[in-house]
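> Below are the sequence and a predicted model; questions follow.
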Number of protein chains: 2
Amino acid sequence: MDAALTLYSYWRSSAAYRVRIGLNLKGLDYALVPVHLVRDGGQQHAPDYVALNPQQLVPVLRDGERVLTQSLAILEYLEETRPQPPLLPADAAGRARVRALAQLVACDIHPLNNLRVLQFFDRQWHVPQAERDDWVLHWMREGFAAMEAMLAASADTGRYCHGDAPGLADCCLLPQLYNARRFKLDLDAFPTLRRIEAACLQLSAFDAARPENQPDAA
Amino acid sequence: MDAALTLYSYWRSSAAYRVRIGLNLKGLDYALVPVHLVRDGGQQHAPDYVALNPQQLVPVLRDGERVLTQSLAILEYLEETRPQPPLLPADAAGRARVRALAQLVACDIHPLNNLRVLQFFDRQWHVPQAERDDWVLHWMREGFAAMEAMLAASADTGRYCHGDAPGLADCCLLPQLYNARRFKLDLDAFPTLRRIEAACLQLSAFDAARPENQPDAA
């Protein structure tokens, strides 16, 4: 075990899930500290955790004394400090493509659908469950449609989002597809996404990172 | 002029504004193509633009034949292809810190408050203007409170978000503060953010990128 690495994670958080995949792809062992996002009014709001991450979100990665936040920043940090195997291609154009695909998920789908947003609709606006679900499905459908178009049209797409090695975009896509299945999104219109998902799930790095395989899974 | 670079931009888009700042900080000239996000039902939905960016969002940067999407991916691409002056520090820990601050804005504030989300509330849910504004202010306040805490607590914070040279985090912070002022958010609780904003606005790179200084400004 790389004694230095500790991940603060919640089994069903898709941002934490991204980092678990990245750690596994790089073959890095890590200690896991579960942070239950609902229990105790949300353990991410406890003073000790707020001191670690004022955003009160998971994941946090500790590397020795360093405290790192934001899943994509953490994955880039791992890429720079533990470069093998790489999560990003070597060329600038390829790196930009992979980062754009990752950010399509991490900026334009996931933030609209995470727990704190759905809690806001429930508690502040009293939006019924069915309409909250419509909201979630709307942004997933819109984001996935663009991602499917981008992947299907590009010769850079391979067995995975970029070529034939898994990387940063796959780290983001798989958790988002997991979320989509939770919300029963019809995935028929996204054959390339489903094909890449199936390829990823054959790898132990992705399988071990799945929410169901976490020690804190319900 | 670096004849290769063309930015598809909308004057008030904060994602496009980030890239304008980055281009200016690096001293790169570029051609600007305005994409009006409201006129003609939204010019980002026109077939020619959808072919360029299936996400139907600004910005897009063309570098010769390369088409780049997602503001943070574009800024990282510029950093890799035109490294001087740098937008990221040289050390991995510093780079992770700057990226996390940038993503705090780009993942956890901006996506909740952009045009397509507010149009959804208006058109799908008929949420009154006052409640839509409350929503916008809520996420700005929450994100800025965390960012203020992170910046105020860190010895890495200097004249700008990281040390005494402007960089990627500042590229994200300034547009978000511009948005906050549009929505009349009380910024009294964020003295560090305001101090950094004032320092940035003394630089011509930031001033020239401001929405009011764009050729397509209303």
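Yep, it's here. Numbering: from 1, shown residues only, chains lettered A, B, ... in the order given.

> Kindly list the longest helix within chain A.
Criterion DSSP state H: the longest helix present in chain A is helix A:129-153.

> now that helix, how far from the centre of its chain.
From the chain centre to the centre of helix A:129-153 is a distance of 16 Å (CA atoms, centre = their mean, to the nearest Å).

> quick one: the strands in chain A?
If DSSP state E is used as the criterion, the strands of chain A fall at A:5-9, A:31-34, A:60-63, A:66-69.

> low-confidence ranges in chain A?
A:1-3 (pLDDT under 70).

> Please point out which parts of stretch A:211-218 sit buried.
A:Pro211, A:Gln214 (16 or more other CB atoms under 10 Å in any protein chain shown). Yep, even glycine has a C-beta here, placed from its N, CA and C like the rest.

> List the contacts of that stretch.
Residues from elsewhere that reach stretch A:211-218 (CB atoms under 8 Å, 6 or more residues apart in numbering or on different chains): A:Ser9, A:Tyr10, A:Trp11, A:Arg12, A:Tyr17, A:Arg20, A:Leu32, A:Pro34, A:His36, A:Tyr178, A:Asp207.

> 6 Å instead?
A:Trp11, A:Arg12, A:Pro34 (CB atoms under 6 Å, 6 or more residues apart in numbering or on different chains).

> Now the last one. Nearest residue, chain neighbours left out?
Across the structure, with CB to CB, 6 or more residues apart in numbering or on different chains as the measure, the residue nearest A:Pro34 apart from its sequence neighbours is A:Asp216 (3.5 Å).

> just the first one next, same as before
Of all residues beyond its chain neighbours, the one nearest A:Trp11 is A:Gln214 (3.8 Å), with distances taken as CB to CB, 6+ apart.

> Backbone torsions only: list them for the one you found.
Here the main-chain torsion angles of A:Gln214 (degrees, to the nearest 10) amount to phi -90, psi 150.

> do the one 3 residues further on as well
Taking degrees, to the nearest 10, you get phi -60, psi 140 for the backbone angles of A:Ala217.

> Give me the distance between stretch A:182-201 and the centre of its chain.
15 Å.

> That should have said stretch A:94-113, apologies.
So, by CA atoms, centre = their mean, the centroid of stretch A:94-113 is 10 Å from its chain's centroid.

> With stretch A:153-171 instead?
Counting by CA atoms, centre = their mean, stretch A:153-171 comes out at 16 Å from the chain centroid.

> Chain A against chain B: which residues are in contact?
A:54-55, A:66, A:68-70, A:72-73, A:76-77, A:80-81, A:92-93, A:96, A:99-100, A:103, A:106-107, A:111, A:146, A:149-150 (CB under 6 Å from any CB of the partner chain).

> Going through those, which ones are buried?
The buried subset of the residues of chain A next to chain B - by 16+ other CB under 10 Å - is A:54-55, A:68-70, A:72-73, A:76-77, A:92-93, A:96, A:99-100, A:103, A:106-107, A:111, A:146, A:149-150.

> Using the record's assignment, carve chain A into domains.
Listed domain ranges for chain A are A:5-85, A:92-206 (source: automatic domain parsing).

> For the residue nearest to A:Trp11, give its distance to chain B.
Shown here: A:Gln214 relative to chain B, a distance of 22 Å by CB to the nearest CB, to the nearest Å.

> Distance check, that residue against B:Asp29.
50 Å (CB to CB, to the nearest Å).

> where exactly do the helices run in chain A?
Going by DSSP H, chain A shows helices at A:14-25, A:47-52, A:71-81, A:92-108, A:110-113, A:115-123, A:129-153, A:168-182, A:191-201, A:204-209.

> Which stretch among these is buried most, on average?
For these, the largest average neighbour count (mean count of other CB atoms under 10 Å in any protein chain shown) is found in helix A:14-25, namely a mean of 26.

> now it, how far from the centre of its chain.
Distance, centroid of helix A:14-25 to centroid of chain: 6 Å (CA atoms, centre = their mean).

> same deal with stretch A:203-218?
Counting by CA atoms, centre = their mean, stretch A:203-218 is centred 13 Å from the centre of its parent chain.

> Any idea how far apart the tips of it sit?
24 Å (CA to CA, to the nearest Å).

> and if you look at stretch A:208-218?
16 Å.

> So for A:Asp40, what's the nearest residue that isn't a sequence neighbour?
A:Ala46 (7.2 Å).

> ok, the closest residue to A:His110 other than its chain neighbours - contacts?
For A:His110, ignoring the flanking residues on the chain, the nearest one in space by CB to CB, 6+ apart is A:Ser14 at 5.9 Å. Counting by CB under 6 Å, 6+ apart, A:Ser14 touches A:His110, A:Pro175, A:Asn179.
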